[in-house]
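Novice: Could you work out the structure for the sequence below:
(one chain, ligands or ions: 2)
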Amino acid sequence: MSDLATYDRISRFNHWLIAAAVIFMLFFGFYLAYGDLPREAKGSLIGIHKAIGVLVLCYGLWRVAWRLVQGFPAGIPGMPKWQERASKAVHWALLAGVVLMPLSGLVASVFRGRPVDVFGWFAIPALAEIPWLAGLGGAVHGWTAIALSLLVAAHMAAALRHHFIDHDGTLVRMVSGRHATAKG
Ligand code: HEM
Ligand code: HEM
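Specialist: Ligands and ions are numbered 1, 2, ... in the order given. As a prediction, the model looks like this:
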């Protein structure tokens, strides 16, 4: 798709910032949904979850746009074709998750008639009460959370495998931007 050999500084910063935010938000969300929280604590924590989620959506849109404009670097030299295809598919799915996850949460909220206050900085107003749309948003939020968690686990395992077993430059080019070689 492109003749880039590695990730530029902005791509690396965007990757790690959004990766940390998404992993944190997945834990946060599952804790809200399945943790044993008293009602009042849960209410204010949901407010914080929603506010951070909206910020992740704003930054995530720019992060995804930057990747689309830059394109993906080619796989490292010598990588089997199937591995290159599989990693590309996972990367596209992760990019979709970065947008779909917060967007579905937002749809669930605003069409349940609930505004989202982003730390008093700005607010997204409640749009209308459309129960089926709010329900759909909630369902997509829940199922995407499970799919994304599995994808992130596979993605992390692949990155570690490249580094510690294959000893190639895949992880290094996302950490330092050094050009990937077959033997890192
Ligand atoms: C990167 C962004 C986000 C991630 C990774 C994330 C993740 C999660 C997860 C894992 C859950 C529990 C799964 C479930 O619903 O069954 C959850 C619940 C929820 N999320 Fe998010 N979320 C994000 C953004 C948002 C946003 C932007 C909103 C709304 C503006 C939102 C609103 C909610 C609500 C209301 C719940 C249900 C909590 C409950 O009552 O149990 N989320 N989220
Ligand atoms: C500790 C966790 C993570 C590690 C170690 C990691 C590692 C990596 C590495 C080494 C690459 C480069 C792969 C290549 O050049 O072929 C990469 C790319 C990528 N990663 Fe991660 N990653 C992590 C978490 C995440 C998370 C949570 C997401 C998204 C939710 C994500 C999304 C992506 C995407 C979309 C790419 C393709 C390039 C880009 O657009 O940045 N990663 N990751």
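Novice: buried set for the strand or helix carrying Phe27?
Specialist: Secondary structure assigned from DSSP states H and E places Phe27 in helix 9-34. By 16 or more other CB atoms under 10 Å, the buried positions in helix 9-34 come out as 11-12, 14-15, 18-19, 21-22, 25-26, 28-29. Quick note: C-beta positions are derived from backbone N, CA and C, even for glycine.
Novice: what's that helix packed up against?
Specialist: The contact analysis (3 or more CB pairs under 8 Å, 6 or more residues apart in numbering; DSSP states H and E) places helix 9-34 against helix 39-70, helix 81-110, helix 131-164, helix 170-175.
Novice: okay, which residue is most central for this protein?
Specialist: The chain has Val98 as the residue nearest its centroid, 3.3 Å off, counting by CA atoms, centre = their mean.
Novice: thought that one was touching Val64?
Specialist: Yes - using CB atoms under 8 Å, Val98 is in contact with Val64, at 6.0 Å.
Novice: Nearest residue to the residue nearest to the centre of the chain in space, ignoring adjacent ones along the chain?
Specialist: Gly60 (4.4 Å; CB to CB, 6 or more residues apart in numbering).
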